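J.: Pasting the sequence and the predicted model now:
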Amino acid sequence: MCFTGLIRIAGLFLVLPLLSSATMAQRSPVIIPGKDTLPLRVLTRPFSSVYETAQEDAAIVEENLPAFQPLYVYTAPQVDDFDGQTGWYEVGSDDKGTVLGWMRAEDVMEWKQAMCLAYTHPEGRQPVLMFGKRDSLFDLLQASDRAEQAESLLNTATSGEIPDDFPLISMEPKRAVFMFIEEQFYLLPILSHEPIELDGREGRLLQLAAATTAKGGRGKTTLEDKAFVESAAIASTESKSVQDLKIELVYVIDTTASMQPFIEGTLRAIEKMAGSIAGDPDIADNVRFGMWAFRDSLEIEGIEYLTKNYTPELQDATAFAATLGSVAEAKVGSKGFPEDVFSGLDKAIAETAWSEDAMRFIVLIGDAPSHTKGEAWNASGKGSEEISQLAKDKGIYVFSGHLRDFSDPRKEEFFDLTEQQFRKVSENRDYASTGREAYYSLPADDPAAFDAMSDTLLNAMRDLLSAARKQGSVEEVVAFTAADDFDTSGSSEEEVTVEQVETEVAGLANQMIKAALVDWIGKKDAVQAPRDITAWVVDKDLADPMVPSLEVRVLINKNELDSLRTVLQELMLAGRQGQMSGTGFFDALQATSATLSVTPEQIANARTLSDTGLIPEFLQDLPYKSRIMGMTSEDWNNWSQDQQDEFLNDLDAKISYYAAVHDDPGVWVRLNMGDDPDAYVHPMSLEMLP
């Protein structure tokens with residue numbers, strides 16, 4: 001994720017005089033000018049020191065601090081005579097009064113918004129180039145031959161022969177691995193940002209700082225560092241870790257009435273795989289299977305269960321085949337066509353006994369859409385967007401098999417909704433750069449086509465494990481899984497051939513597996529990311545601006561997440577009350593103001609929701625288009641009942657997502673050694689903000 005607390009700072013507590021709890025309670029950080037609650041923080045520059053007092057000849061409390069460590073400000077230079085370079089900051093490791101000492105203004109940079117950048121998946125794009133000056137990057141972005149110039153800069157940067165006036169100072173490594181921010185905590189804090197247009201698309205010009213917590217992660221990694229250049233330029237990686245590759249594959253299957261043929265088809269595929277790997281224990285021991293079944297609301301008499309985990313512990317192929325043999329479809333039908341697909345996926349993502357060192361896959365199989373956000377029978381409370389993000393957060397790649405039943409015209413009415421949902425949950429970590437979901441559709445009445453899809457998917461997994469044990473480098477294994485560039489969306493027609501399914505699913509499976517493998521290797525063999533520098537970047541691929549190369553994240557702590565969830569709950573309540581009573585949304589909101597520490601007058605005098613004082617300050621000034629910030633009373637009154645419901649259902653789904661994030665200890669990181677658990681941060685995607 002973005003940057004763990006740095007161990008060396010712990011030494012400060014050994015030399016600082018102990019403060020009484022009463023004294024510490026009296027100190028609070030400086031508030032950012034123009035804000036009411038947001039504390040001011042600074043980032044330390046490389047090789048800076050903390051002094052006992054605000055004097056050059058004062059005793060040094062700690063020297064050579066880790067670069068770009070975030071610290072809280074307890075005393076800031078006076079604005080009247082502050083030029084950004086002279087003066088002193090009194091800093092602390094937390095917001096509870098743990099003051100460390102004083103730092104020179106020239107040794108820190110103010111960090112007024114807790115925003116950072118995350119690399120997108122490297123599939124389908126060039127490495128991020130980091131410029132020393134804004135104007136050098138801006139001029140390149142305006143050039144008609146931008147792509148050619150960018151390619152030339154990349155070639156020069158990796159050649160090891162850097163001219164004196166070269167505009168780049170560093171770059172993202174070229175290796176075929178992926179540093180996912182939720183799993184390898186690196187910090188790319190945003191110091192400034194501005195919008196820019198590239199080929200008709202909106203982008204962002206950003207100044208960042210770069211830090212890492214990798215072992216040995218001290219010292220600048222610029223293009224002047226030949227060891228870094230050699231490492232960053234190498235596109236081949238010898239690694240024994242691929243020989244330890246493990247796969248965990250969990251099926252999430254609709255087991256309502258009519259699904260028995262597909263349960264049996266999955267069993268046939270597993271039995272074939274078990275037979276094919278029986279003679280190779282190295283492969284058999286490194287693939288495990290699981291099964292979650294989903295049906296519908298327990299309000300339906302005889303439905304038996306909403307979701308069911310058939311594999312509390314993941315199983316080898318032989319044991320899993322026996323488990324599948326015990327799975328049967330429901331004896332009663334659902335009421336209507338949608339099922340509770342999202343609850344099945346939600347449970348599989350959160351409650352499967354995943355191991356830490358395996359590639360994780362989910363295979364969704366169903367013929368109906370899920371109950372949507374806001375529907376009473378959607379027990380998860382989430383939508384496809386929230387389910388997709390939860391899978392990404394946990395490093396799970398989802399393959400969706402959509403069965404189209406052409407036998408009933410009423411079912412055809414739900415084809416589009418099912419496809420929309422199944423595609424969204426299959427937008428895996430590589431989607432931003434490849435634009436491809438791991439989604440496939442085929443006619444439900446063709447068992448041979450279903451068998452071909454299941455067999456091909458499992459064969460791709462088996463062949464990957466086999467290749468990992470035979471190949472010498474990461475790239476050879478990655479190349480083994482490379483997908484050709486062809487349509488892999490499946491067929492919306494009533495007839496397909498087995499050969500068509502085998503070819504298309506092979507390409508789709510290899511695309512997904514390749515992305516997951518690059519992800520897994522990056523987790524196992526951490527590369528040397530740029531560090532201890534400040535640079536200018538653009539968040540799009542310089543060769544193809546349609547492809548994002550960097551993604552903005554907000555470092556949100558548990559207290560802030562709780563406050564955001566509370567606000568959304570009150571907005572939901574006000575909206576529902578307004579609908580029932582016929583009063584305006586802002587009128588209903590005034591009744592809830594007491595629980596949110598704002599006055600009814602503030603709400604009554606507000607033009608937009610952002611003016612009410614209800615919206616947490618950390619959401620303000622972020623580079624994203626918020627649906628709630630600019631909402632007015634007129635907007636609400638002009639919406640139809642369906643539009644109002646859609647707005648409130650979106651809020652409800654976000655609340656459910658925030659609850660899942662809050663309760664998952666694996667997605668929270670400590671920025672400073674003195675932080676309490678409530679101050680741990682999660683790098684929230686802007687897409688998941690309301």
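T.: On my side now, so go ahead.
J.: which residues in the stretch 101-250 of the chain form helices?
T.: Ranges of helices within the stretch 101-250 of the chain are 134-142, 146-159, 226-233, based on DSSP state H, counting those that start in this stretch.
J.: for the first one, packing partners?
T.: Secondary-structure packing of helix 134-142 (3 or more CB pairs under 8 Å, 6 or more residues apart in numbering; DSSP states H and E): helix 146-159, strand 190-198, strand 201-212, strand 533-538. (C-beta placed from N, C-alpha, C; glycine too.)
J.: my guess is Lys112 meets Val42, correct?
T.: No - counting by CB atoms under 8 Å, Lys112 does not reach Val42; the two are 9.6 Å apart.
J.: Looking at these two, which has the bigger crowd around it?
T.: Val42 (22 against 16; other CB atoms under 10 Å).
J.: Put together CSV for the helices and strands packed on helix 134-142, with distance to Leu137 and mean neighbour count on each row.
T.: What follows is the helices and strands packed on helix 134-142, written out as CSV (distance: least, CB to CB, whole Å; neighbours: other CB atoms under 10 Å):
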stretch, distance to Leu137, mean neighbour count
helix 146-159, 10, 15
strand 190-198, 10, 16
strand 201-212, 7, 21
strand 533-538, 5, 22
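J.: Please, which helix or strand holds Phe320?
T.: In the assignment (DSSP states H and E), Phe320 maps to helix 317-324.
J.: Which elements pack onto that helix?
T.: Other helices and strands packing on helix 317-324, by 3+ CB pairs under 8 Å, 6+ apart, are helix 260-277, strand 287-294.
J.: Tell me who's in contact with Phe337.
T.: 368-369, 410-411, 413-414 (CB atoms under 8 Å, 6 or more residues apart in numbering).
J.: and those as CSV, adding pLDDT?
T.: Putting these into CSV (pLDDT from 0 to 100) gives the following:
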residue, pLDDT
Ala368, 94
Pro369, 96
Arg410, 81
Lys411, 82
Glu413, 91
Phe414, 93
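J.: In ChimeraX, how would I select just the buried ones from the residues you listed?
T.: Selection of buried members from those for ChimeraX, criterion 16 or more other CB atoms under 10 Å:
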select :368,369,411,414
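J.: What is the most widely separated pair among the contacts of Phe337?
T.: Using CB to CB, the pair of the contacts of Phe337 lying farthest apart is Pro369 and Arg410, separated by 12.9 Å.
J.: Thought Glu110 was touching Pro189, still the case?
T.: No - applying CB under 8 Å as the test, Pro189 and Glu110 come out as separate, 10.9 Å apart.
J.: Could you report the neighbour count for Lys35?
T.: Neighbours of Lys35 (other CB under 10 Å): 14.
J.: got a list of what it touches?
T.: Neighbouring residues of Lys35 by CB under 8 Å, 6+ apart: Glu617.
J.: right, so the helices and strands packed on helix 317-324: which one is the most enclosed?
T.: Among the helices and strands packed on helix 317-324, ranked by average contacts under mean count of other CB atoms under 10 Å, first place goes to strand 287-294 (a mean of 25).
J.: I'd like the next helix or strand past that one.
T.: Using DSSP H and E, the next helix or strand after strand 287-294 towards the C-terminus is strand 307-309.
J.: For Ala353, grab phi and psi.
T.: With angles defined as degrees, to the nearest 10, Ala353 sits at phi -80, psi 60.
J.: Give the helix, strand or coil label for the nearest residue to Ala659 once chain neighbours are set aside.
T.: Spatial nearest neighbour of Ala659, excluding adjacent residues (CB to CB, 6 or more residues apart in numbering): Arg565 at 7.0 Å. Under DSSP: H, G, I helix; E, B strand; the rest coil, Arg565 falls in the helix class.
J.: what about Arg565, neighbour count?
T.: Arg565 - counted by other CB under 10 Å - has 18 other residues nearby.
J.: Now do the contacts for it.
T.: Arg565 touches 655, 658-659, 662, counting by CB under 8 Å, 6+ apart.
J.: where's it relative to Asp652, distance?
T.: For Arg565, the distance to Asp652 equals 11 Å [CB to CB, to the nearest Å].
J.: now His121
T.: Distance of His121 to Asp652, computed by CB to CB: 30 Å.
J.: between these two, which one's more packed in?
T.: Using other CB under 10 Å, the more surrounded residue of His121 and Asp652 is His121, with 22 against 19.
J.: What is the neighbour count of the residue lying closest to that one once chain neighbours are set aside?
T.: Of all residues not flanking His121 in the chain, Asp430 sits nearest, at 4.2 Å (CB to CB, 6+ apart). Per other CB under 10 Å, the neighbour tally for Asp430 reads 24.
J.: and the longest helix for the protein?
T.: Ranked by residue count and defined by DSSP state H, the top helix of the chain is helix 498-524.
J.: Tell me where the model's unsure across this structure.
T.: Scanning the chain for pLDDT under 70 picks out 1-26, 79-85, 175-185, 211-241, 471-493, 524-531, 592-597, 673-674.
J.: Kindly report the domain assignment for it.
T.: 7-111, 115-221+528-548, 246-524, 556-688 (automatic domain parsing).
J.: and the longest one, how far from the chain's centre?
T.: Here domain 246-524 is found 20 Å from its chain centre; the criterion is CA atoms, centre = their mean, to the nearest Å.
J.: hmm, back to that, kindly reformat the helices and strands packed on helix 317-324 as JSON lines containing distance to Asp539.
T.: Converted to JSON lines, the helices and strands packed on helix 317-324 look like this (distance: least, CB to CB, whole Å):
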{"stretch": "helix 260-277", "distance to Asp539": "41"}
{"stretch": "strand 287-294", "distance to Asp539": "36"}
